[in-house]
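Asks: below is the sequence, then the predicted model.
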Amino acid sequence: MSVFSGVVEEEKQRLKSLMQFYVQKVEDLPKGSMSFKKKSNHIYGYRVFRENKHVRFVYIGKQGTESVHEVEKQIAERKKFEQQLKVIKKELQNIEKSLRNF
């Protein structure tokens, strides 16, 4: 085994463990997005997501409250982790390809 393939194999293992970490983070955070509805001069926040082919709206609270900010933060964090997972999967594909060609 050459030095190059050893380094590539180490990188592959590092990316796999990083992918497991991000998958766990994504599973722990709420899915969906935020939606706001105006009712009688108040704006209310809802978390919107799909569940078994149905769109669900879960009430969070009035716009500007701590609970709404927290859910918005968690959803943004989940989306960031999902983007990082896409990058990692692409890098793993490239590594697999280079190992096959080597």
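Replies: Happy to help now that I have it.

Asks: excluding chain neighbours, what is closest to Glu82?
Replies: Val26 (5.9 Å; Cβ to Cβ, 6 or more residues apart in numbering). Every C-beta, even on glycine, is put in place using the N, C-alpha and C of the backbone.

Asks: actually Gln74, not the one I wrote
Replies: Leu29 (5.0 Å).

Asks: so the one you found sits right up against Glu77, yeah?
Replies: Yes - contact status for Leu29 versus Glu77: in contact at 5.9 Å, counting by Cβ atoms under 8 Å.

Asks: between the two, which one's more packed in?
Replies: Leu29 (18 against 15; other Cβ atoms under 10 Å).

Asks: what sits against that one?
Replies: 74-75, 77-78, 81 (Cβ atoms under 8 Å, 6 or more residues apart in numbering).

Asks: and Gly45, which of the three is it?
Replies: With DSSP: H, G, I helix; E, B strand; the rest coil as the basis, Gly45 sits in strand.

Asks: strands of the chain, start to end?
Replies: 33-39, 42-51, 54-62 (DSSP state E).

Asks: of all the ones you listed, which one is nearest Leu99?
Replies: Ranking the strands of the chain by proximity to Leu99 (Cβ to Cβ) places strand 42-51 first, at 36.8 Å.

Asks: that closest one to strand 54-62, inter-axis angle?
Replies: Inter-element angle recorded for strand 42-51 and strand 54-62: 150 degrees (by axes from the mean of the first three to the mean of the last three Cα atoms, to 10 degrees).

Asks: check which residues of strand 42-51 are buried.
Replies: For strand 42-51, the neighbour count (16 or more other Cβ atoms under 10 Å) marks 44-47 as buried.

Asks: for the residues you listed, give me CSV that also has pLDDT.
Replies: Shown next, in CSV, are the buried residues of strand 42-51 (pLDDT from 0 to 100):
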residue, pLDDT
Tyr44, 97
Gly45, 97
Tyr46, 97
Arg47, 97
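
Asks: geometrically speaking, which residue is the centre of the chain?
Replies: Nearest to the geometric centre of the chain sits Glu82, at 2.9 Å (Cα atoms, centre = their mean).
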